[in-house]
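Q: the following comprises the amino acid sequence and a computationally predicted model.
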Amino acid sequence: MRPGLVLRPDRDRSVRRRHPWIFSGAIARVEGRPAAGAVVDVRAADGTWLAAAEFNPVSQIRARAFCWEPDRPIDATFWRERLQASIARRQRLLPHREACRLVFAESDGLPGLIVDRYGRYLVLQTLTAGAEARKTQTVADLVSLLDPLGIWQRDDPVRRKEGLPPAEGLLYGALPAEPIVIGEHGHRFLVDLRRGQKTGFYLDQAENRALLAPYCAGAEVLNAFSYTGAFAVYALAAGARHVVNLDSSAEALALAAANLQLNGFAATRWTNLEADVFVQLRRWREEGRQFDLIILDPPKFVTAPEHLERATRGYKDINWLALRLLRPGGLLATFSCSGLVDRDLFQKIVFAAALDAGREVRIVTHFGQAPDHPVLLTFPEAAYLKGLLCHVE
Ligand code: SAH
């Protein structure tokens, strides 16, 4: 018999509605002595079986439910099939994408597991005790399903919330010493799987880069929070007159320069600037510098609910500044990847920024996350990336 969790009366609604997260406050008692990452049976107060979940005694999210079929054995075959199904979804959704997220954790029924494919290499993250416990099996399954040249694990700070130590390194095969080259919508990008941010590249923006590209034709573009210049490559390919990549990371900008060269753009068409966006936009405001199109793709400002207010001010500030640097008729592509800032709140922030900047703004397009980051309908928390394309008078 598996160990079990019994929920408090009236605290079973969310699990019945197939939401995967079970918070400590919903639990009446734990039966048996489940280790971190162990599979447990979740029952309602009256004893009704509700779901199978992975347990973690140190996380606020005490258990993550992943199976609602009572008689389903949770064995090696079960996990392998989940992985296969996850890979099959990408084959259906993005059949020709060289670099894409193959596993998006809870959204793919594999709590805490991230697997990104970069050509013949895979980058894996185990963000929960359960995913960590399944890691050896996951690697073996990935090897037999995909025959990769190498599998590399990347750490992520959210592991600490699960009581997991930093984990980074080679899990299988080998990794080349240099950044690898991947293709995306016909462009080529260098990706540093070991040292790059996230798992090396912002795969979640792939479709947004393509959506924005046609608006860049003939424009003087500011790519703020540029990272390795992915938006810049799309913009220049679509005929942008000039692009400034602005980022605080010298390493990211070095790769941006290499990417612009790799895609064949003359050095006269782009500039890289290492600076803090908050500071630089103010400086440009004072100098009267203007742009036709500004991209704002900041890092996650909110990692915990208590940071929401400060983050809201941060988003408003950069949007206010960007709006004031745009020529009349200019475009602002503004993003937030903070899950805790939902679409409504984000739109309100941009609205407040527009009011203060004294600009008349029209929403042209809503941006979301790429199809390899699908949102399981029972788990809306998976929707984290949102953006607005705004026409600014
Ligand atoms: N748009 C990019 C991804 C941006 S990630 C793409 O499509 O690939 C966010 C970037 O913001 C990172 O490269 C990080 O180095 C940079 N960054 C974070 N805080 C910053 C700040 N205050 N000023 C400038 N850059 C910053």
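A: Yep, it's here. Numbers count the residues shown, from 1 in each chain.
Q: longest strand in this protein, please.
A: strand 326-336 (DSSP state E).
Q: any chance you could list what contacts it?
A: With contact meaning C-beta atoms under 8 Å, 6 or more residues apart in numbering, strand 326-336 is reached by 205, 208, 212, 215, 219, 290-298, 301, 315, 319, 322-323, 346, 350, 359, 361, 364, 367, 385-393. Using the backbone N, CA and C atoms, a C-beta is placed for each residue, glycine as well.
Q: equivalent analysis for stretch 248-268, please.
A: Residues from elsewhere that reach stretch 248-268, judged by C-beta under 8 Å, 6+ apart: 179, 181, 187-190, 192, 195-197, 226-230, 232-233, 236-237, 245, 247, 270, 272-277.
Q: now with 7 Å, please.
A: Residues from elsewhere that reach stretch 248-268 (C-beta atoms under 7 Å, 6 or more residues apart in numbering): 179, 187-190, 192, 226-229, 232-233, 236-237, 245, 247, 270, 272, 274-276.
Q: quick one, which of the contacts of strand 326-336 are buried?
A: 205, 208, 212, 215, 219, 290-298, 301, 315, 319, 322-323, 346, 350, 359, 361, 367, 385-392 (16 or more other C-beta atoms under 10 Å).
Q: picking up where we left off before, just the ones of the contacts of strand 326-336 in strands?
A: Those of the contacts of strand 326-336 mapping onto strands are 291-296, 361, 364, 367, 386-392, per DSSP E.
Q: how about the helix or strand harbouring Glu286: buried residues?
A: Glu286 is part of helix 277-287 when elements are defined by DSSP states H and E. Using 16+ other C-beta under 10 Å as the test for burial, helix 277-287 gives Val277, Gln280, Leu281, Trp284.
Q: measure stretch 183-196 end to end?
A: Using C-alpha to C-alpha, to the nearest Å, the end-to-end distance of stretch 183-196 comes to 17 Å.
Q: how about the stretch 1-150 of the chain: which residue is closest to the ligand?
A: Ala99 (11.8 Å; C-beta to the nearest ligand atom).
Q: which SS class is the residue nearest to that residue when sequence neighbours are not counted?
A: For Ala99, ignoring the flanking residues on the chain, the nearest one in space by C-beta to C-beta, 6 or more residues apart in numbering is Ile182 at 4.2 Å. The three-state label given to Ile182 by DSSP: H, G, I helix; E, B strand; the rest coil is strand.
Q: how far away is Ile182 from the ligand?
A: From Ile182 over to the ligand the distance is 12 Å, taken as C-beta to the nearest ligand atom, to the nearest Å.
Q: check contacts around that residue.
A: Ile182 touches Glu98, Ala99, Tyr118, Gly119, Phe189, Val191, counting by C-beta under 7 Å, 6+ apart.
Q: which residues does it bridge with?
A: In this structure, Ile182 bridges to Phe189 when assessed by DSSP bridges.
Q: the longest strand of the chain pairs with which strands, parallel or anti?
A: Short version: by DSSP bridges, strand 326-336 pairs with strand 291-296 (parallel), strand 386-392 (antiparallel).
Q: quick check, it touching the ligand?
A: No. Counting by C-beta under 6 Å from any ligand atom, the ligand has no neighbours in strand 326-336; the shortest distance is 7.7 Å.
Q: all helices of the stretch 201-350 of the chain, in order?
A: For the stretch 201-350 of the chain, the helices defined by DSSP state H, counting those that start in this stretch occupy 206-212, 230-237, 250-262, 277-287, 308-325, 343-357.
Q: and these as JSON lines, adding distance to Leu50?
A: Supplementary listing: those in JSON lines, determined by distance: least, C-beta to C-beta, whole Å:
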{"stretch": "helix 206-212", "distance to Leu50": "36"}
{"stretch": "helix 230-237", "distance to Leu50": "43"}
{"stretch": "helix 250-262", "distance to Leu50": "45"}
{"stretch": "helix 277-287", "distance to Leu50": "46"}
{"stretch": "helix 308-325", "distance to Leu50": "31"}
{"stretch": "helix 343-357", "distance to Leu50": "30"}
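Q: now those helices as CSV including mean pLDDT and distance to Lys135?
A: Putting the helices of the stretch 201-350 of the chain into CSV (pLDDT from 0 to 100; distance: least, C-beta to C-beta, whole Å) gives the following:
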stretch, mean pLDDT, distance to Lys135
helix 206-212, 98, 27
helix 230-237, 98, 29
helix 250-262, 98, 28
helix 277-287, 98, 37
helix 308-325, 96, 32
helix 343-357, 98, 34
